[in-house]
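Engineer: Structure for this input, please:
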Amino acid sequence: MVLLQGTNWAAWIALQYELVQQAISGSVRGMVEGVAGRLPYILAGAIILVLFYFLSKLLRWMFLSATRKTRMDTQLRILIGRLISVVMFVVALFTALSVIIESFNFGQVIAGLGFTSFVVGFATKDILSNFLSGILILWQRPFNIGDYLFVGANQGKVEHIGVRATLLRKDDGEAVLIPNGEMYSSALTIRGAGKLRRMALKFTLGFDADIVRAKEIIFETLESIDGVATDRKPSVYVTDFTGDGAMLTTQFWIDTNQNKPLSVFDEVSIRIIEALNAAGQEINPSSENVVVTAAPETIPASGSRDEPAGL
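Structural biologist: Numbering: from 1, shown residues only. As a prediction, the model looks like this:
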């Protein structure tokens, strides 16, 4: 009885092995026959990919050549050239799949990707916003490398304009990276490269001070400081009266391409204080009346030497 049962089990195992072998061989045979039957279509798909590859190279070269002598930003030209290659690759891929796979339907694929694209787009909306804003900035060029920008609480010289963000170098040397979406949607104050920056120093002199002599001392001091621009004549005005004396506002200009605003402002402040003290024209020590500010303004490096209106 035991011998009979062992024979039955051996026969069953042999039968299962034969069935598995037949299934594998049949599948492999069917796959080989299927591939052999679609071989002409596979070769056609490969040819399509190769043709589109060279076509994308040609279109990219034509675009870069046509825009080489234009004012279009170099980064934007490179970006558009890459987008041309990507679009051509996607078109080539779907075209090749349509030829190779008989049941492939491009419309169904697009419909299936609809919801997925919505989810991905919602999750990456900030990235897309910065990307599109970067393209618009590079295309319209509202500012250039070297310009001085005021963006909200940040200010600095433009060192790099990227597709995603813009790099500003602050007066203290620190770098701040601002997303292009914020740059494009915020109000910007732009001082072009080569323009002068107006600085304002305010302080109070007592009523017994010789205001006329004090103004002469301030003019002489400003003329002796190298960092103060000579293209624009500095100005000194009495702009207010307080309980402690007359408030004077001194305005002067600096070239931010050659000097650091904080350094020049510091030197001007110290030199004026020393000169006034040496002449006996002491600045009122009341902290509530000694005001130091740096007011930005875009002023042409050359042009009219008229004084600002309202002062």
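Engineer: Let me see the mean pLDDT of the strand or helix carrying residue 241.
Structural biologist: In this assignment (DSSP states H and E), residue 241 forms part of strand 235-242. Mean per-residue pLDDT for strand 235-242: 88.
Engineer: Just the residues contacting stretch 39-51, thanks.
Structural biologist: Contact with stretch 39-51 is made by 35, 92, 93, 95, 96, 97, 99, 100, 102, as judged by CB atoms under 8 Å, 6 or more residues apart in numbering. (Each C-beta comes from the backbone N, C-alpha and C, glycine too.)
Engineer: Give me the below-cutoff pLDDT ranges for the stretch 151-300 of the chain.
Structural biologist: Applying pLDDT under 70 to the stretch 151-300 of the chain picks out residues 192-195, 284-300.
Engineer: Let's see that with 90 instead.
Structural biologist: Along the stretch 151-300 of the chain, the model assigns pLDDT under 90 to residues 151-166, 169-211, 214, 223-233, 239-248, 253-266, 269, 273-300.
Engineer: which residues of it fall in strands?
Structural biologist: Taking DSSP state E, counting those that start in this stretch as the test, the strands found in the stretch 151-300 of the chain are 154-161, 165-169, 175-179, 188-191, 196-205, 235-242, 245-255, 298-299.
Engineer: Restrict the fifth one to CA atoms and write it as PDB.
Structural biologist: When you say that, I think you mean strand 196-205. Coordinates of the C-alpha atoms in strand 196-205 are reproduced here as PDB (Å, rounded to 0.1, in the frame of the first residue of the first chain):
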ATOM      1  CA  LEU A 196      24.000 107.100  -7.500                       C
ATOM      2  CA  ARG A 197      22.400 106.400  -4.200                       C
ATOM      3  CA  ARG A 198      21.300 109.400  -2.000                       C
ATOM      4  CA  MET A 199      22.000 109.200   1.700                       C
ATOM      5  CA  ALA A 200      20.500 111.500   4.300                       C
ATOM      6  CA  LEU A 201      22.100 112.400   7.700                       C
ATOM      7  CA  LYS A 202      19.900 114.300  10.200                       C
ATOM      8  CA  PHE A 203      21.000 115.900  13.400                       C
ATOM      9  CA  THR A 204      20.100 118.800  15.700                       C
ATOM     10  CA  LEU A 205      22.100 121.900  16.500                       C
END
